[in-house]
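Got a predicted structure plus its sequence, pasted below:
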Amino acid sequence: SQTIHQWPATLVQPVGSPLSLECTVEGTSNPNLYWYRQAAGRGLQLLFYSVGIGQISSEVPQNLSASRPQDRQFILSSKKLLLSDSGFYLCAWSVDRPPETQYFGPGTRLLVL
Amino acid sequence: ELKVEQNPLFLSMQEGKNYTIYCNYSTTSDRLYWYRQDPGKSLESLFVLLSNGAVKQEGRLMASLDTKARLSTLHITAAVHDLSATYFCAVTRGSNYKLTFGKGTLLTVNP
(Lines give C-alpha, C1' and ligand atoms only; values in the text may rest on other atoms or scores of the structure.)
Protein backbone atom coordinates (compact mmCIF):
# COMPACT_ATOMS: atom_id res chain seq x y z
CA SER A 1 0.00 0.00 0.00
CA GLN A 2 1.02 3.59 -0.51
CA THR A 3 2.04 5.92 2.28
CA ILE A 4 3.09 9.55 2.37
CA HIS A 5 5.38 11.09 4.96
CA GLN A 6 6.03 14.68 5.86
CA TRP A 7 8.52 16.18 8.26
CA PRO A 8 8.86 17.90 10.46
CA ALA A 9 5.37 17.74 11.92
CA THR A 10 5.70 21.10 13.65
CA LEU A 11 8.14 23.95 13.12
CA VAL A 12 8.61 27.34 14.76
CA GLN A 13 10.95 29.64 12.87
CA PRO A 14 11.97 33.31 13.17
CA VAL A 15 11.25 35.76 10.37
CA GLY A 16 14.06 35.80 7.83
CA SER A 17 15.23 32.26 8.53
CA PRO A 18 15.39 29.56 5.83
CA LEU A 19 12.91 26.72 5.46
CA SER A 20 13.04 23.17 4.21
CA LEU A 21 10.03 20.84 4.36
CA GLU A 22 10.24 17.34 3.02
CA CYS A 23 7.66 14.96 1.62
CA THR A 24 8.23 11.37 0.53
CA VAL A 25 5.86 8.83 -0.95
CA GLU A 26 6.21 5.06 -0.69
CA GLY A 27 4.57 2.28 -2.64
CA THR A 28 4.03 4.00 -5.97
CA SER A 29 6.11 5.12 -8.95
CA ASN A 30 6.12 8.38 -10.89
CA PRO A 31 3.42 10.06 -8.81
CA ASN A 32 2.18 13.59 -9.36
CA LEU A 33 3.21 15.54 -6.28
CA TYR A 34 1.65 18.69 -4.81
CA TRP A 35 2.31 21.25 -2.10
CA TYR A 36 -0.65 23.06 -0.54
CA ARG A 37 -0.85 25.68 2.18
CA GLN A 38 -3.78 26.13 4.49
CA ALA A 39 -3.74 29.36 6.48
CA ALA A 40 -5.68 29.46 9.75
CA GLY A 41 -9.42 29.33 9.12
CA ARG A 42 -8.99 29.38 5.35
CA GLY A 43 -9.17 27.00 2.45
CA LEU A 44 -6.38 25.21 0.63
CA GLN A 45 -4.07 27.03 -1.71
CA LEU A 46 -2.08 25.03 -4.27
CA LEU A 47 1.53 26.23 -4.21
CA PHE A 48 3.42 23.85 -6.50
CA TYR A 49 2.91 20.64 -8.38
CA SER A 50 5.25 18.25 -10.13
CA VAL A 51 4.64 15.57 -12.73
CA GLY A 52 8.20 14.23 -12.73
CA ILE A 53 11.77 14.61 -11.47
CA GLY A 54 12.95 18.18 -11.88
CA GLN A 55 9.58 19.32 -13.26
CA ILE A 56 8.00 21.97 -11.05
CA SER A 57 5.02 24.20 -11.78
CA SER A 58 4.38 27.21 -9.56
CA GLU A 59 0.83 28.31 -8.94
CA VAL A 60 1.38 31.36 -6.75
CA PRO A 61 4.36 33.74 -6.99
CA GLN A 62 5.94 34.12 -3.56
CA ASN A 63 9.16 33.60 -1.65
CA LEU A 64 8.78 29.83 -1.65
CA SER A 65 10.31 27.31 -4.05
CA ALA A 66 9.97 23.59 -4.61
CA SER A 67 12.26 20.86 -5.87
CA ARG A 68 11.89 17.22 -6.79
CA PRO A 69 15.33 15.62 -6.63
CA GLN A 70 13.99 12.05 -6.69
CA ASP A 71 10.89 10.38 -8.08
CA ARG A 72 9.11 10.17 -4.72
CA GLN A 73 10.62 13.13 -2.90
CA PHE A 74 9.25 16.66 -2.92
CA ILE A 75 10.86 19.53 -1.03
CA LEU A 76 9.46 22.96 -0.19
CA SER A 77 12.00 25.67 0.59
CA SER A 78 12.41 29.30 1.38
CA LYS A 79 15.53 31.43 1.76
CA LYS A 80 13.86 33.97 4.06
CA LEU A 81 10.56 33.32 5.81
CA LEU A 82 7.88 35.95 6.18
CA LEU A 83 5.21 36.16 8.88
CA SER A 84 2.62 35.43 6.19
CA ASP A 85 4.26 32.06 5.51
CA SER A 86 2.75 30.66 8.71
CA GLY A 87 0.25 27.90 8.05
CA PHE A 88 -0.40 24.22 7.62
CA TYR A 89 1.57 22.77 4.72
CA LEU A 90 0.19 19.68 3.09
CA CYS A 91 1.87 17.44 0.57
CA ALA A 92 -0.28 15.26 -1.68
CA TRP A 93 0.18 12.68 -4.41
CA SER A 94 -1.86 11.20 -7.22
CA VAL A 95 -1.33 8.84 -10.14
CA ASP A 96 -2.49 9.03 -13.73
CA ARG A 97 -4.95 6.20 -13.47
CA PRO A 98 -8.77 6.81 -13.22
CA PRO A 99 -10.59 6.81 -10.94
CA GLU A 100 -8.26 9.36 -9.48
CA THR A 101 -7.95 11.26 -6.26
CA GLN A 102 -5.24 13.09 -4.37
CA TYR A 103 -3.97 11.57 -1.17
CA PHE A 104 -2.74 13.93 1.48
CA GLY A 105 0.12 13.61 3.93
CA PRO A 106 -0.14 14.37 7.65
CA GLY A 107 1.03 17.96 7.17
CA THR A 108 3.59 20.32 8.70
CA ARG A 109 2.41 23.10 10.95
CA LEU A 110 4.69 26.15 10.51
CA LEU A 111 4.65 29.16 12.78
CA VAL A 112 6.82 32.11 11.79
CA LEU A 113 7.50 34.54 14.63
CA GLU B 1 -10.64 30.44 -13.99
CA LEU B 2 -12.26 27.54 -12.19
CA LYS B 3 -14.13 28.63 -9.06
CA VAL B 4 -15.75 26.47 -6.42
CA GLU B 5 -18.33 27.73 -3.94
CA GLN B 6 -19.63 25.82 -0.97
CA ASN B 7 -22.57 26.65 1.19
CA PRO B 8 -23.16 26.90 3.94
CA LEU B 9 -19.69 27.68 5.28
CA PHE B 10 -20.83 26.96 8.84
CA LEU B 11 -23.42 24.40 9.83
CA SER B 12 -24.57 23.52 13.31
CA MET B 13 -26.80 20.49 13.50
CA GLN B 14 -28.50 18.43 16.15
CA GLU B 15 -27.86 14.73 16.30
CA GLY B 16 -30.42 12.74 14.37
CA LYS B 17 -31.20 15.51 11.87
CA ASN B 18 -30.63 15.55 8.11
CA TYR B 19 -28.92 18.26 6.14
CA THR B 20 -27.23 18.95 2.79
CA ILE B 21 -24.03 20.77 1.89
CA TYR B 22 -23.91 22.29 -1.60
CA CYS B 23 -20.95 22.68 -3.92
CA ASN B 24 -21.21 24.79 -7.07
CA TYR B 25 -18.43 25.15 -9.61
CA SER B 26 -18.00 27.62 -12.42
CA THR B 27 -16.90 25.67 -15.50
CA THR B 28 -16.94 22.17 -16.91
CA SER B 29 -15.09 19.82 -14.62
CA ASP B 30 -13.58 16.38 -15.11
CA ARG B 31 -14.04 15.10 -11.57
CA LEU B 32 -15.50 16.22 -8.29
CA TYR B 33 -14.11 15.24 -4.91
CA TRP B 34 -15.29 15.41 -1.34
CA TYR B 35 -12.79 15.48 1.52
CA ARG B 36 -13.09 15.54 5.27
CA GLN B 37 -10.71 17.36 7.63
CA ASP B 38 -10.76 16.86 11.39
CA PRO B 39 -9.39 19.74 13.51
CA GLY B 40 -5.62 19.92 13.27
CA LYS B 41 -5.48 16.96 10.91
CA SER B 42 -4.90 16.34 7.23
CA LEU B 43 -7.52 15.74 4.55
CA GLU B 44 -9.20 12.38 4.11
CA SER B 45 -10.73 11.43 0.78
CA LEU B 46 -14.45 10.62 1.03
CA PHE B 47 -15.80 10.41 -2.52
CA VAL B 48 -14.78 10.87 -6.13
CA LEU B 49 -17.62 11.54 -8.56
CA LEU B 50 -16.82 11.05 -12.23
CA SER B 51 -19.98 11.51 -14.26
CA ASN B 52 -23.37 13.15 -14.38
CA GLY B 53 -25.83 11.48 -12.06
CA ALA B 54 -23.12 9.72 -10.05
CA VAL B 55 -24.14 8.90 -6.51
CA LYS B 56 -21.92 7.44 -3.81
CA GLN B 57 -22.76 6.57 -0.24
CA GLU B 58 -20.69 5.72 2.78
CA GLY B 59 -22.46 5.33 6.08
CA ARG B 60 -24.49 8.47 6.83
CA LEU B 61 -22.96 10.45 3.96
CA MET B 62 -24.20 10.45 0.38
CA ALA B 63 -22.69 12.51 -2.43
CA SER B 64 -24.23 13.22 -5.82
CA LEU B 65 -23.22 15.07 -8.95
CA ASP B 66 -25.23 17.04 -11.51
CA THR B 67 -22.79 18.17 -14.19
CA LYS B 68 -25.42 20.10 -16.12
CA ALA B 69 -26.18 22.25 -13.08
CA ARG B 70 -22.48 22.20 -12.05
CA LEU B 71 -23.62 21.15 -8.62
CA SER B 72 -22.67 18.47 -6.15
CA THR B 73 -24.40 17.77 -2.87
CA LEU B 74 -23.23 16.02 0.28
CA HIS B 75 -26.24 14.77 2.20
CA ILE B 76 -25.97 13.91 5.86
CA THR B 77 -28.52 11.50 7.26
CA ALA B 78 -29.29 11.23 10.97
CA ALA B 79 -26.16 13.13 11.98
CA VAL B 80 -23.97 11.89 14.82
CA HIS B 81 -21.28 13.76 16.75
CA ASP B 82 -18.49 11.84 14.99
CA LEU B 83 -19.39 13.60 11.74
CA SER B 84 -18.24 16.94 13.15
CA ALA B 85 -15.45 18.13 10.83
CA THR B 86 -14.77 20.47 7.93
CA TYR B 87 -15.92 19.15 4.57
CA PHE B 88 -14.31 20.32 1.36
CA CYS B 89 -15.38 19.81 -2.20
CA ALA B 90 -12.88 20.14 -5.03
CA VAL B 91 -12.96 19.93 -8.80
CA THR B 92 -10.34 19.25 -11.41
CA ARG B 93 -9.80 19.84 -15.10
CA GLY B 94 -7.16 18.66 -17.48
CA SER B 95 -4.47 16.02 -17.32
CA ASN B 96 -2.41 17.30 -14.41
CA TYR B 97 -5.07 16.60 -11.85
CA LYS B 98 -4.79 19.98 -10.15
CA LEU B 99 -7.61 20.37 -7.68
CA THR B 100 -9.45 23.60 -7.00
CA PHE B 101 -10.99 23.56 -3.54
CA GLY B 102 -13.99 25.25 -2.06
CA LYS B 103 -13.57 27.14 1.23
CA GLY B 104 -14.97 24.26 3.23
CA THR B 105 -18.04 23.74 5.39
CA LEU B 106 -17.45 23.53 9.14
CA LEU B 107 -19.99 21.05 10.44
CA THR B 108 -20.73 20.83 14.15
CA VAL B 109 -23.11 18.13 15.35
CA ASN B 110 -24.49 18.84 18.79
CA PRO B 111 -25.90 16.18 21.12
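Received it, and whenever you're ready, just let me know what you need.

Now do the same contact list for residue A:47.
By Cβ atoms under 8 Å, 6 or more residues apart in numbering or on different chains, the contact list for residue A:47 reads A:35-37, A:58-60, A:62, A:64, A:66, A:76. All C-beta atoms are positioned from the backbone trio N, CA, C, and that covers glycine.

and with 7 Å instead?
By Cβ atoms under 7 Å, 6 or more residues apart in numbering or on different chains, the contact list for residue A:47 reads A:35-37, A:59-60, A:64.

per-residue confidence for it?
On pLDDT, residue A:47 comes in at 93.

where's the nearest residue to it once chain neighbours are set aside, which helix or strand?
Excluding the flanking residues, the one nearest residue A:47 by Cβ to Cβ, 6 or more residues apart in numbering or on different chains is residue A:35, at 4.4 Å. Assigned by DSSP states H and E, residue A:35 belongs to strand A:32-38.

Kindly indicate which of the contacts of residue A:47 lies nearest residue B:83.
residue A:36 (23.7 Å; Cβ to Cβ).

I'd say that closest one and residue A:43 touch.
No - counting by Cβ atoms under 7 Å, residue A:36 does not reach residue A:43; the two are 9.5 Å apart.

any weak-confidence spans in chain B?
For chain B, the stretches with pLDDT under 70 are B:94-97.

neighbours of the residue nearest to residue A:47, just the number please.
Using other Cβ atoms under 10 Å in any protein chain shown, residue A:35 has 25 neighbouring residues.

In this structure it contacts residue A:76, no?
Yes - with contacts counted by Cβ under 7 Å, residue A:35 reaches residue A:76, the gap being 5.1 Å.

Can you name the two of the contacts of residue A:47 that sit furthest apart?
Of all the pairs that the contacts of residue A:47 form, the one spanning the most space (Cβ to Cβ) is A:36 and A:64, at 11.7 Å.

Pick out the residue nearest the middle of chain A.
Closest residue to the average C-alpha location of chain A: residue A:35 at 3.0 Å, with Cα atoms, centre = their mean.

roughly how far apart are it and residue B:2?
19 Å (Cβ to Cβ, to the nearest Å).

partners of the residue nearest to the centre of chain A in the sheet?
Counting by DSSP bridges, residue A:35 forms beta bridges with residue A:48, residue A:91.

for residue 10, what are its contacts?
By default, I'm working from chain A. Applying Cβ under 7 Å, 6+ apart, the residues near residue A:10 are residue A:109.

oops, chain B please
residue B:106.

go again using 10 Å as the cut-off
By Cβ atoms under 10 Å, 6 or more residues apart in numbering or on different chains, the residues touching residue B:10 are B:86, B:104-108.

out of those residues, which is most surrounded?
residue B:104 (24 neighbours).

shouldn't that residue be in contact with residue B:86?
Yes - here residue B:104 reaches residue B:86: they are 4.6 Å apart, a contact under Cβ atoms under 10 Å.

Can you pull the residues that touch both of these two?
In contact with both residue B:104 and residue B:86: A:41, A:43, B:9-10, B:35-37, B:43, using Cβ under 10 Å, 6+ apart.
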